[in-house]
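Q: Need coordinates for the following:
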Amino acid sequence: MSVTEMSETWKQWEGRTVDGRFPLERYLGGSDHSAVFLISSGAGADNAAIKLIAADAADAENQLRRWQAARELNHPNLIRIFDAGACELDGVKMLYVVEEYAEENLSQILPERALTAEEVRGMLPPVLRALQYVHDNGLVHGRIQPSNILAIGDQVKLSSDALSAPGSRGARSSAYDPPEGATGASSAAGDVWQLGMTLVEVLTQRLPAWDRAQPSSPVIPAVVSGSLREIAANCLQVDSGKRSTVAEISDRLEGKRPVRSSTDRSPQSGATIIAPAISGQGKRSVKWPYLLGLVVVAVAIFFFVRPNPTNPPVETQSTQAQPNAATEGSQSTNPPSAQAPAQAESKPSSAVTPATGGNARASAKTGASNVHNDNDSNNASGVVRQVMPQVSPSARRTIQGKIKVRVRVDVDAAGNVAKATLESAGPSKYFSRVSVEAARDWKFSPAASGESGVRVWKLQFAFSRGKTEVSAVRAKG
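A: You can find the predicted model right below:
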């Protein structure tokens, strides 16, 4: 069965309850072996994501133990795991892991553009902190790649549902695996290799050219320059003992000292050195999360297929997959996505403005500080209440030019929004999400006498660094 067919199958499980505790509210993405759903209760957070995978009888207990071990970890740059267990749906035995909900991941940006060197320098420190923490706790990640680098609010986070003990054999191979990955065994040095592959990819939108059958290292494109090129080169040493450690990468990124020559390192150094310089490095602004609209924060989920706004995305490896919208308007550094537990969504904006005059069109403007106004008095335009998206200052600062988002709202006879649908998205899921949330709280005039059926309005939100503008036009019936 194809991934697309499996996605339709997974989607049919919306509304079902896992283990009697976790209602599957919305399908977020999936592959032929896993599916991710949004849940909103029972996980210790306002919103969380649950990942379901088919239970492998031979490895089910080991997988649950790995998730339980990851659940014990607590780091601000590591996706939190809330629960894990086994269940059965439609007679199919499944394993599930409940974790923080992250709206976007890094691979979602790359089809649109590469990150700038400055953005990469902002994205790397939190990833390095999380990875160092994982290694310090005697574990390895094994799946460092753009789809597993996520953002929640203004924080970049690393996925945690694939963590394992060094020497564990991965279930699936990927293009990010190191030369020694042919044996399937994971290691701290292997994580560093994957980080180097990811670094080149986010700067160039493609993995470096490399023939696994040859003894030479991957070719790093000339566009990767300066210290980032040096870091990538030291990560992508075919001899695992010659690769940089996470601590050395962090130090080089901060300009504290050059990466050691490969002749100064023992084969085991990559797995044992602790980076004291990493702690407390969170002061550097994280440019990537703003690029993502979660950070854009985001992914081609292990060969993620980017769908149109009406279809869920396909996830092949990332912890969480999100629907991706078409690009319109100027690109922006993706802002931090709404706070979620590997995934918690922020609540709809409470910024409300009274409607302005005009026949079938209403418009409003708001600066970075939105104004709250509960004036619901009727208006000649047909719009009774406008709710402006609530945009964080940090997200607004990442905007270059103007981001436009169009939302269709179906209005019932009482003037309430019965349904809000994203019709045209900008380059950021963050701004698309806050626009739809705000649109749901708009209020319109009640239907005129004799008028029946759903009325349709088209709302356009335009975001710039200085303000948010909105226009509303009633669609012709």
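Q: Please, where are all the helices along this protein?
A: For the chain, helices defined by DSSP state H occupy the ranges 3-11, 60-71, 117-136, 188-204, 226-235, 246-253, 269-272, 287-292, 393-396, 429-440.
Q: Which strands and helices lie in contact with the fourth one?
A: For helix 188-204, the contact count by 3 or more C-beta pairs under 8 Å, 6 or more residues apart in numbering; DSSP states H and E identifies helix 117-136, helix 226-235, helix 246-253, helix 269-272 as packing neighbours. No exception for glycine: its C-beta is placed from N, CA and C like everyone else's.
Q: Kindly report the same for the third one.
A: Helix 117-136 is packed against strand 155-158, helix 188-204, helix 226-235, helix 246-253, helix 287-292, with contacts defined by 3+ C-beta pairs under 8 Å, 6+ apart.
Q: doesn't Ala49 make contact with Val98?
A: Yes - Val98 lies in contact with Ala49 (C-beta atoms under 8 Å); the separation is 7.4 Å.
Q: what is in contact with these two at once?
A: The contact sets of Val98 and Ala49 overlap at Ile39 (C-beta atoms under 8 Å, 6 or more residues apart in numbering).
Q: what's the neighbour count on Cys87?
A: Using other C-beta atoms under 10 Å, Cys87 is surrounded by 19 other residues.
Q: Next one: the nearest residue to Gly415 once chain neighbours are set aside from Gly453, what distance?
A: Nearest non-adjacent residue to Gly415, counting by C-beta to C-beta, 6 or more residues apart in numbering: Phe444, 4.3 Å away. Distance, Phe444 to Gly453, using C-beta to C-beta, to the nearest Å: 14 Å.
Q: ok, those two, which is more surrounded?
A: Using other C-beta under 10 Å, the more surrounded residue of Phe444 and Gly453 is Phe444, with 25 against 10.
Q: hang on, the earlier thing: could I get the helices and strands packed on helix 188-204 as JSON lines with distance to Ile81?
A: Conversion of those to JSON lines gives the following (distance: least, C-beta to C-beta, whole Å):
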{"stretch": "helix 117-136", "distance to Ile81": "13"}
{"stretch": "helix 226-235", "distance to Ile81": "27"}
{"stretch": "helix 246-253", "distance to Ile81": "21"}
{"stretch": "helix 269-272", "distance to Ile81": "23"}
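Q: Show me the one of those helices that comes nearest Pro111.
A: helix 117-136 (15.9 Å; C-beta to C-beta).
Q: quick revisit: give me whichever of the helices of the chain is most buried.
A: For the helices of the chain, the largest average neighbour count (mean count of other C-beta atoms under 10 Å) is found in helix 287-292, namely a mean of 32.
Q: Quick one: mean pLDDT over stretch 441-457.
A: Averaged over stretch 441-457, pLDDT sits at 90.
Q: low-scoring pLDDT stretches of the stretch 301-450 of the chain, where are they?
A: Applying pLDDT under 70 to the stretch 301-450 of the chain flags the ranges 301-381, 426-427.
Q: With the stretch 1-150 of the chain instead?
A: Applying pLDDT under 70 to the stretch 1-150 of the chain flags the ranges 1-7, 41-46, 57.
Q: Which residue ranges of it form strands?
A: Residue ranges of the strands in the stretch 1-150 of the chain, as given by DSSP state E, counting those that start in this stretch, are 17-18, 22-23, 26-30, 34-39, 48-54, 81-89, 92-99, 104-105, 149-152.
Q: Please render the helices of the chain as CSV that adds distance to Ser107 to the earlier fields.
A: Shown next, in CSV, are the helices of the chain (distance: least, C-beta to C-beta, whole Å):
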stretch, distance to Ser107
helix 3-11, 16
helix 60-71, 21
helix 117-136, 13
helix 188-204, 9
helix 226-235, 18
helix 246-253, 21
helix 269-272, 25
helix 287-292, 10
helix 393-396, 20
helix 429-440, 13
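Q: of all the ones you listed, which lies closest to Ser160?
A: Each of the helices of the chain has some distance to Ser160 by C-beta to C-beta; the shortest is helix 60-71, at 4.7 Å.
Q: Between strand 81-89 and the closest one, find me the angle.
A: If you take axes from the mean of the first three to the mean of the last three C-alpha atoms, to 10 degrees, helix 60-71 sits at 150 degrees to strand 81-89.
Q: As JSON lines, the helices and strands packed on helix 117-136 with distance to Lys458 and mean pLDDT would be great.
A: Output for the helices and strands packed on helix 117-136, formatted as JSON lines (distance: least, C-beta to C-beta, whole Å; pLDDT from 0 to 100):
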{"stretch": "strand 155-158", "distance to Lys458": "34", "mean pLDDT": "93"}
{"stretch": "helix 188-204", "distance to Lys458": "36", "mean pLDDT": "97"}
{"stretch": "helix 226-235", "distance to Lys458": "44", "mean pLDDT": "96"}
{"stretch": "helix 246-253", "distance to Lys458": "46", "mean pLDDT": "95"}
{"stretch": "helix 287-292", "distance to Lys458": "26", "mean pLDDT": "48"}
